[in-house]
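Undergrad: 3D model of this:
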Amino acid sequence: MGRIGRRGFVATAAGALAGLGVAGDAAAIPGAAREARHTSNRAFRAMWLATVTQRDWPSKAGLTAEQQRRELLAHLDTAVARRLNTVVLQVRPAADALWPSPYEPWSQYLTGVQGRDPGWDPLGTAVAEAHRRGLELHAWFNPYRVALHTDPSRLVADHPARQHPEWVLPYGGKLYYNPGIPEVRAFVQDAMIDAVRRYEIDAVHFDDYFYPYPVAGQTFDDDETFETYGGGFADKAAWRRDNIDRLVREMSVRIPAARRGVRFGISPFAVWRNAATDPSGSDTRAGVQTYDDLHADTRTWVRRGWIDHVVPQVYWHIGFAAADYAKLLPWWNETVRGTGVQLCIGEALYKAGDPAQPAAWQDPAELSRHLTLAAGYGEVRGHFFFSAKEVGADRNGAMARVVADHYPGRVPPPR
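TA: Okay, here's the model as predicted:
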């Protein structure tokens with residue numbers, strides 16, 4: 001398939017996916033996805049707001065509904081104060097939900113008990129209050145992570161993973177849905193699309209978790225699944241990549257079918273492949289390559305126009321030997337050129353001022369230099385900062401420096 005952009009892809013693929021039994025209103029698709037249009041006064045200025053393990057919000061499990069709400073609104077107010085325009089809220093951290101989902105239980109990160117109603121609607125409130133403040137609200141989903149432990153009995157009794165134990169695999173101290181099972185792929189899509197239908201979110205967002213990151217000495221035991229569904233593939237790796245390709249391609253069609261105008265963005269680990277592995281790869285020597293290790297062919301998703309924007313997590317400083325920010329930036333700039341996919345850069349604000357990080361991250365100007373460098377690349381449409389806690393606390397003043405140097409006033413996101 002050529003570089004047709006997402007508008008062309010969605011219109012072409014709708015009928016094909018309908019033939020495969022994928023739900024969605026095909027009539028709603030044409031024109032729903034937008035080609036990227038770059039204007040000088042539009043850029044993403046975003047922050048991730050993570051809920052898994054109380055990373056950013058809520059500050060602890062079991063707060064009252066009013067306490068949770070106040071904390072959430074404070075994060076939105078911080079985004080406005082920092083002249084951001086987008087908040088990426090993690091609403092499905094581990095096969096659970098921050099809205100009243102008919103598919104999955106309420107998240108334990110709200111009340112401390114999986115399945116317990118928190119007494120309010122966090123996603124609905126986030127959408128309304130973000131829009132009230134002139135912010136976009138992107139709903140961040142983790143497709144396949146089930147739990148940060150390996151004991152299914154700790155899941156709520158009616159959890160889909162307990163109702164379908166054959167869907168689940170333990171690996172690296174966690175439980176995952178098996179991406180190779182077609183029923184799993186359909187179910188996780190249904191669970192995510194429910195939020196798109198219910199709420200006026202601006203985008204669906206995936207991060208870097210597809211097949212799990214490699215864990216030394218452990219095997220993701222999907223041999224039997226490969227034997228069942230892997231016919232026609234040269235090897236398991238190719239089959240795994242096809243499983244993730246199908247997830248992305250099908251979601252690309254189902255999202256605008258569920259709600260017109262909702263965009264689709266993915267924030268992958270920034271190294272598709274090292275040049276030593278593939279001449280088309282980046283001038284890096286990273287230990288993880290998304291194509292080979294996570295079975296996520298991120299470059300293909302961009303080149304085929306399956307997503308609206310890509311946000312590679314370029315979480316390294318300028319001059320870092322194994323993965324230099326200054327070398328990954330031009331690689332991604334060239335990768336998106338001509339595709340209609342918007343490029344944003346994921347920024348490791350969490351490293352700024354952390355004494356455990358290299359000396360470059362102790363300099364409050366490091367992140368500002370990233371934005372200065374990126375301004376010289378014509379495909380870059382903005383930056384996403386990880387994450388909300390650091391946007392507010394700003395350990396060494398790096399975020400304040402970014403705002404002072406690059407954000408003299410608020411601007412709208414690109415369309």
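
Undergrad: Low-confidence ranges, this protein, go.
TA: In the predicted model of the chain, residues 1-40 satisfy pLDDT under 70.

Undergrad: One more pass at 50, please.
TA: Residues of the chain that meet the criterion pLDDT under 50 lie in 1-4, 7, 12, 15-39.

Undergrad: can you give me the helices for it?
TA: With DSSP state H applied, the chain shows helices at 5-19, 65-81, 108-111, 122-132, 160-163, 182-198, 223-229, 236-258, 298-303, 325-336, 366-374, 388-393, 398-406, listed in chain order.

Undergrad: Make a markdown table from these and add mean neighbour count and distance to residue 151 to it.
TA: Where C-beta positions appear, they are placed from N, C-alpha and C, glycine not excepted. Putting the helices of the chain into a markdown table (neighbours: other Cβ atoms under 10 Å; distance: least, Cβ to Cβ, whole Å) gives the following:
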| stretch | mean neighbour count | distance to residue 151 |
| --- | --- | --- |
| helix 5-19 | 18 | 36 |
| helix 65-81 | 17 | 27 |
| helix 108-111 | 23 | 14 |
| helix 122-132 | 19 | 26 |
| helix 160-163 | 16 | 11 |
| helix 182-198 | 19 | 20 |
| helix 223-229 | 14 | 22 |
| helix 236-258 | 21 | 26 |
| helix 298-303 | 22 | 32 |
| helix 325-336 | 20 | 38 |
| helix 366-374 | 20 | 40 |
| helix 388-393 | 21 | 29 |
| helix 398-406 | 19 | 39 |
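
Undergrad: Quick check, residue 354 in contact with residue 393.
TA: No - between residue 354 and residue 393 there is no contact under Cβ atoms under 8 Å: 11.6 Å.

Undergrad: Now distance to residue 97 too, for the helices of the chain, in TSV please.
TA: What follows is these, written out as TSV (distance: least, Cβ to Cβ, whole Å):
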stretch	distance to residue 97
helix 5-19	24
helix 65-81	15
helix 108-111	10
helix 122-132	8
helix 160-163	12
helix 182-198	8
helix 223-229	26
helix 236-258	16
helix 298-303	25
helix 325-336	32
helix 366-374	33
helix 388-393	20
helix 398-406	30
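
Undergrad: Nearest to residue 342, out of those helices?
TA: Nearest of these to residue 342, taken as Cβ to Cβ: helix 325-336 at 7.4 Å.

Undergrad: I'd like to check the angle between the closest one and helix 366-374, please.
TA: Put simply, helix 325-336 runs at 40 degrees to helix 366-374, going by axes from the mean of the first three to the mean of the last three Cα atoms, to 10 degrees.

Undergrad: so what does helix 325-336 touch, helix or strand wise?
TA: For helix 325-336, the helices and strands in contact under the criterion 3 or more Cβ pairs under 8 Å, 6 or more residues apart in numbering; DSSP states H and E are helix 298-303, strand 342-347, helix 366-374.

Undergrad: out of the helices of the chain, nearest to residue 50?
TA: Of those, nearest to residue 50 by Cβ to Cβ is helix 388-393, at 7.2 Å.

Undergrad: and the closest one, how far from the chain's centre?
TA: Mean-position distance between helix 388-393 and its chain equals 19 Å (Cα atoms, centre = their mean, to the nearest Å).

Undergrad: Name the surrounding residues that touch it.
TA: With contacts defined as Cβ atoms under 8 Å, 6 or more residues apart in numbering, helix 388-393 is touched by 47-50, 55-57, 74-75, 78-79, 82, 84, 87, 349-350, 352, 385, 399.

Undergrad: quick one: buried residues of stretch 152-162?
TA: Of the residues in stretch 152-162, 155, 156, 159, 160, 161 count as buried by neighbour count, 16 or more other Cβ atoms under 10 Å.

Undergrad: Any idea how far apart the tips of it sit?
TA: 6 Å (Cα to Cα, to the nearest Å).

Undergrad: what does that stretch rub up against?
TA: Identification of contacts with stretch 152-162 by Cβ under 8 Å, 6+ apart yields 95, 103-105, 114-115, 146-147, 165, 167-168, 175, 177, 187.

Undergrad: same thing but 7 Å
TA: Among residues not part of stretch 152-162, those counted as contacts by Cβ atoms under 7 Å, 6 or more residues apart in numbering are 95, 104, 105, 114, 115, 146, 147, 165, 167, 168, 175, 187.

Undergrad: ok, now stretch 313-327?
TA: Identification of contacts with stretch 313-327 by Cβ under 7 Å, 6+ apart yields 208, 267-271, 282-286, 328-329, 345-346, 348, 358, 360-361, 366, 369-370, 373.

Undergrad: one more time with 8 Å
TA: Here stretch 313-327 makes contact (Cβ under 8 Å, 6+ apart) with 207-208, 267-271, 282-287, 328-329, 332, 345-348, 351, 358, 360-361, 366, 369-370, 373, 386.

Undergrad: Drop anything exposed from these.
TA: Neighbour counting over those (16+ other Cβ under 10 Å) leaves 207-208, 267-271, 282, 284, 286, 328-329, 332, 345-348, 351, 360-361, 366, 369-370, 373, 386 as the buried ones.

Undergrad: Who does the nearest residue to residue 150 once chain neighbours are set aside form a beta bridge with?
TA: Distances taken as Cβ to Cβ, 6 or more residues apart in numbering put residue 170 closest to residue 150, at 4.0 Å, once the chain neighbours are dropped. Beta-bridge pairing for residue 170 (DSSP bridges): residue 175.
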